[in-house]
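J.: Predicted model and sequence below, questions to follow.
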Amino acid sequence: MSVVSSYLKKHTEALVKDVGIEPACELTGKSKATLGRYYSANDEHADRFMPIDAVAALEEAAGYPHVTSALAELKGITLSYEDRRQNTVDKGGVNADVIALSQRFAMLMAEYQQSIEDGIITVNEAKRLLKETSALQQVLIDMKLHLEEETS
């Protein structure tokens, strides 16, 4: 199996497990066995991949777009994933952004300190660090937009 196929199958498995096998079956109309074949590393299933409509349905229910991000990474594309889903529009401006920036940076540093404690950053720890880094990046983007509004 090619490296690309293996990579896509790994992310397909992560997607199914994120949603849960039973809900994934309901959302896609596929059986557990069929879903398992989509991410199986066995040579007999090397050419089987999840249909795009099934991926879309699962990614709608998942906490993260696993397969979409994997495809983007394979092409060297960077995605910006926004999962904050705020209830109200933030009108705090730059001052609120500076506070949010400080808080996010503190959270990133706390996560880093906890992750590096044993001298090794595991895959799960790296994922948490990435999530905090992305949240920090979003605060910077918000801050940039507020600064551009004030200079217009």
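T.: Here it is on my side, so go on.
J.: tell me the helices in this structure, going along the chain?
T.: 3-19, 21-28, 32-39, 52-61, 66-74, 93-116, 123-151 (DSSP state H).
J.: where does the chain have low pLDDT?
T.: 80-91 (pLDDT under 70).
J.: would a markdown table of the helices of the chain with mean neighbour count be doable?
T.: Any C-beta I mention is one placed from the backbone N, CA and C, and that applies to glycine too. Below are these laid out as a markdown table (neighbours: other Cβ atoms under 10 Å):
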| stretch | mean neighbour count |
| --- | --- |
| helix 3-19 | 18 |
| helix 21-28 | 15 |
| helix 32-39 | 16 |
| helix 52-61 | 16 |
| helix 66-74 | 17 |
| helix 93-116 | 14 |
| helix 123-151 | 14 |
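J.: Domain parsing of this structure, as residue ranges.
T.: As assigned by automatic domain parsing, the chain contains the domains 3-74, 93-151.
J.: Leaving out the residues flanking it, which one is nearest to the residue most central in space within the chain?
T.: The chain has Tyr64 as the residue nearest its centroid, 3.9 Å off, counting by Cα atoms, centre = their mean. Excluding its sequence neighbours, the residue lying closest to Tyr64 (Cβ to Cβ, 6 or more residues apart in numbering) is Asp18, at 6.6 Å.
J.: ok, that neighbour - contacts?
T.: Neighbour list for Asp18: Leu58, Ala62, Gly63, Tyr64, His66 [criterion: Cβ atoms under 8 Å, 6 or more residues apart in numbering].
J.: Could you save the helices of the chain as TSV and add columns showing distance to His45?
T.: Output for those, formatted as TSV (distance: least, Cβ to Cβ, whole Å):
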stretch	distance to His45
helix 3-19	8
helix 21-28	16
helix 32-39	5
helix 52-61	15
helix 66-74	16
helix 93-116	35
helix 123-151	24
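J.: List the contacts of Val67.
T.: Leu8, His11, Thr12, Leu15, Met50, Val55, Glu59.
J.: I misspoke; the intended subject was Leu27.
T.: If a contact means Cβ under 8 Å, 6+ apart, then Leu27 has Val19, Ala54, Ala57, Leu58, Ala61 as its contacts.
J.: Wait, the first one touches Ala61, no?
T.: If I follow you right, that is Val19. Yes. Val19 is within contact range of Ala61, at 5.0 Å (criterion: Cβ atoms under 8 Å).
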